[in-house]
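S.K.: mind folding the following:
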Amino acid sequence: MKKIIAFLLVLVLAVIGTAYYLIQSVRQSANNAINEMVLPYQKSNSAMQTQIAGFLHPTPTIIPDPVTIINEIKSLARLETIQYSVEKVITAQIGQDNLGFLFGDKLLFVAHGLVIAGIDMGKIRPEDLTMVNGVLNVRLPAAEIFIAALDNNKSYVYNRETGLFTQGDRNLETNARQVAEDEIRKAAEADGILNLAQQNAESYLAKFFGALGFPNPVFSK
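M.R.: Next up is the predicted model:
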C-alpha cells in the first residue's frame with residue numbers, strides 16, 4: 001500500500017513539473033512573439049521621435065567660405081597691462097506703446113565682455129628717453145583701451161517678448177550687442193581702467209629698465 005501511495009505521489013509531482021515546464025515554455029514563446037511584433041513598432045516610433053525632434057529643434061549647419069581675404073597686416077608694439085571682465089544687462093525694445101502687446105518687441109540681453117588696456121610702445125620716440133643727473137627719464141604715451149569686445153560664448157538673450165502680430169525685429173539683438181559693447185567699454189573707463197593700466201605699465205617698465213642698469217627711472221606723460 002505504501003509503495004502504491006509513493007508511486008502515485010511521484011506521478012503527481014512529475015505531472016505538476018511537466019505542466020509547470022509547459023506553462024513556462026508557452027509563456028516564454030508568447031513573450032518572444034510579442035517582442036518580435038512590438039520591436040519594429042518601437043524602432044519606428046523611436047525613429048519618428050528623432051525626426052520630429054530634428055524638425056522642431058534643427059541643428060544649424062555652419063559652412064565657412066573657403067576663400068579668406070587678408071585686408072591688412074600691421075606690426076604692433078602694445079604692452080597690455082590690465083584686463084577687465086565685465087557683465088552688463090541691456091534692455092532693447094521697440095513699439096512699447098499702448099499697442100505694444102500687438103506689435104511690440106522687447107528683449108533682455110546679458111552681455112559678458114572683455115576689456116584690455118595698456119600703452120602703445122610704438123609711440124615712444126628717442127627724445128622721450130633722457131638722462132638727467134644720472135636718472136633715466138621716460139615720457140610714456142597715455143594708456144589706451146586696445147580691446148573692448150563681447151564674449152559671445154557667455155553673452156545671451158535671457159528673455160524676449162514679441163507682440164501677437166509680429167515676429168520681432170531681426171536687428172534688435174544686433175543693436176543690443178552694439179550698445180552692450182559700448183557700455184562695457186564705458187563701465188571699464190568709469191572704474192579707472194586707464195589709470196590702472198598706466199600704473200601697471202610704469203611698474204613693469206621700472207623693473208625692465210632696472211634690469212638694464214637704469215634703476216629708479218622717472219616716468220611722465
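S.K.: in this structure, where is pLDDT below threshold?
M.R.: Counting by pLDDT under 70, the ranges of the chain that qualify are 1-59, 75, 97-103, 163-166.
S.K.: ranges for the helices of it?
M.R.: 2-56, 100-103, 172-190, 193-211 (DSSP state H).
S.K.: neighbours of the closest residue to F209 other than its chain neighbours, how many?
M.R.: Once flanking residues are discounted, F209 sits nearest to P217: 4.7 Å by CB to CB, 6 or more residues apart in numbering. For every residue, glycine as well, the C-beta is placed using N, CA and C. Other residues near P217 come to 17 when the count uses other CB atoms under 10 Å.
S.K.: and if you look at Q178?
M.R.: Neighbour tally, Q178, other CB under 10 Å: 14.
S.K.: same deal with A176?
M.R.: Neighbour tally, A176, other CB under 10 Å: 20.
S.K.: how near is it to A201?
M.R.: 34 Å (CB to CB, to the nearest Å).
S.K.: G113 too?
M.R.: From G113 to A201 the distance is 22 Å (CB to CB).
S.K.: again, but for A77
M.R.: 13 Å.
S.K.: for N153, same thing?
M.R.: For N153 relative to A201 (CB to CB), the value is 29 Å.
S.K.: those two: who's more crowded?
M.R.: For N153 and A201, the more surrounded residue by other CB under 10 Å is A201, and the numbers stand at 22 against 7.
S.K.: fine, thanks again, bye for now.
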